[in-house]
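Trainee: Take this sequence and fold it.
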Amino acid sequence: MTTSQREPTPFPLHARSSRGIRAGALVALGVAWTTTASAITVGQLDTFQNGTTLQWVDALNGAISPVPPTVVANAGPGGAGDFALRISATGSVSGPGGRLVANNIQARWIGSYTQAGVNGIMLDLRNLSAVDLTIRVGIDGPAVGTTGGRWVSQGVVVPSGSGWRTLTFSLLPGDLLPGDFAATSATTTLANVAVLRVMHAPVAGWVGAPQAAQMDIDDIEALPEPTFALSLLVGSLFVRSLGSSRGH
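Mentor: Just a heads-up that it's a prediction; the model follows:
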């Protein structure tokens, strides 16, 4: 089996109804949880309920996109009152805005994923486009040539016009694919992540593919290693029994 065909390590999938109560499960298990962490932590969760993009951008290094991300009210999987992040792309082959990409370089999403025990990303996504999308998560270090380079997850195909779907991406080193020819070590990059990226990329690569398209994203969450994630599910069931509901 070639690298591009490798089956990623499975992460437990959580039911849609349990996603919003895992924060309580983390507390019940004695794990810190915050949406404003100074570095990546297990359970980091972006819900966009404050009505802002939470600094998710489609262009980096000062570039200005003609179609920057926006937050849309009542568009999330929870329906009325649930905000979602909308990502658009023009399909242009040059310049910002042509590719369906969302980046975050804020403190809560960067740092040592290895030390924090973060081995996956879960998010909710719906495809608003006329074409199928292949969604990947990517990570990059702070400087080209001095860290392990750019790496991307296995792709998940989301059909055109899909409803909301919960997608899970393994960031275990053995499941990641080189994002470009400069990628040298996924383990090194995971120990010092400077950029987290969500994108449409039919072929594994950092820049993604030019495509006129649009998607909504919500509930972006940092997952622990799989065996611990199972214990979080047990905690979620406990919190649910106390009458908790979906939170943001």
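Trainee: how about the nearest residue to residue 64, chain neighbours excluded?
Mentor: Distance criterion Cβ to Cβ, 6 or more residues apart in numbering; nearest residue to residue 64, sequence neighbours excluded, is residue 96 at 6.7 Å. In short, each C-beta sits where N, CA and C put it, glycine included.
Trainee: Does the one you found lie in a helix or a strand, and which?
Mentor: Here residue 96 is covered by no helix or strand, with elements defined by DSSP states H and E.
Trainee: now it: how far from residue 65?
Mentor: Distance, residue 96 to residue 65, by Cβ to Cβ, to the nearest Å: 4 Å.
Trainee: and those two? which has more neighbours close in?
Mentor: A direct count of neighbours by other Cβ atoms under 10 Å for residue 96 and residue 65 places residue 96 higher, at 20 against 17.
Trainee: Give the intersection of the neighbour lists for residue 96 and residue 65.
Mentor: Common contacts of residue 96 and residue 65, defined by Cβ atoms under 8 Å, 6 or more residues apart in numbering, comprise 58-59.
Trainee: Verify the stated contact: the residue nearest to residue 64 with residue 66.
Mentor: Yes: look at residue 96 against residue 66 with Cβ atoms under 8 Å: they come within range, at 7.3 Å.
Trainee: tell me which strands and helices the longest strand seen in the chain is in contact with?
Mentor: Longest strand in the chain by number of residues (criterion: DSSP state E): strand 212-224. The helices and strands touching strand 212-224, judged by 3 or more Cβ pairs under 8 Å, 6 or more residues apart in numbering; DSSP states H and E, are strand 45-46, strand 84-90, strand 118-127, strand 133-140, strand 195-200.
Trainee: In this structure residue 122 contacts residue 166, no?
Mentor: Yes: counting by Cβ under 8 Å, residue 122 touches residue 166, with 6.6 Å between them.
Trainee: Show the pLDDT at residue 55.
Mentor: On pLDDT, residue 55 comes in at 96.
Trainee: My error: substitute residue 21 in the last question.
Mentor: On the pLDDT scale, residue 21 is placed at 41.
Trainee: Could you measure from residue 57 over to residue 178?
Mentor: Distance, residue 57 to residue 178, using Cβ to Cβ: 24 Å.
Trainee: Find the nearest non-adjacent residue to residue 203, please.
Mentor: Excluding the flanking residues, the one nearest residue 203 by Cβ to Cβ, 6+ apart is residue 209, at 7.2 Å.
Trainee: Might you report the residue contacts of that neighbour?
Mentor: For residue 209, the contact set (Cβ under 8 Å, 6+ apart) comprises 99, 200-203.
Trainee: Now the helices and strands packed on strand 212-224 in CSV, please, with extra columns for distance to residue 217, mean neighbour count and mean pLDDT.
Mentor: Listed next are the helices and strands packed on strand 212-224 as CSV, based on distance: least, Cβ to Cβ, whole Å; neighbours: other Cβ atoms under 10 Å; pLDDT from 0 to 100:
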stretch, distance to residue 217, mean neighbour count, mean pLDDT
strand 45-46, 9, 23, 98
strand 84-90, 5, 23, 97
strand 118-127, 5, 23, 97
strand 133-140, 9, 25, 98
strand 195-200, 6, 24, 97
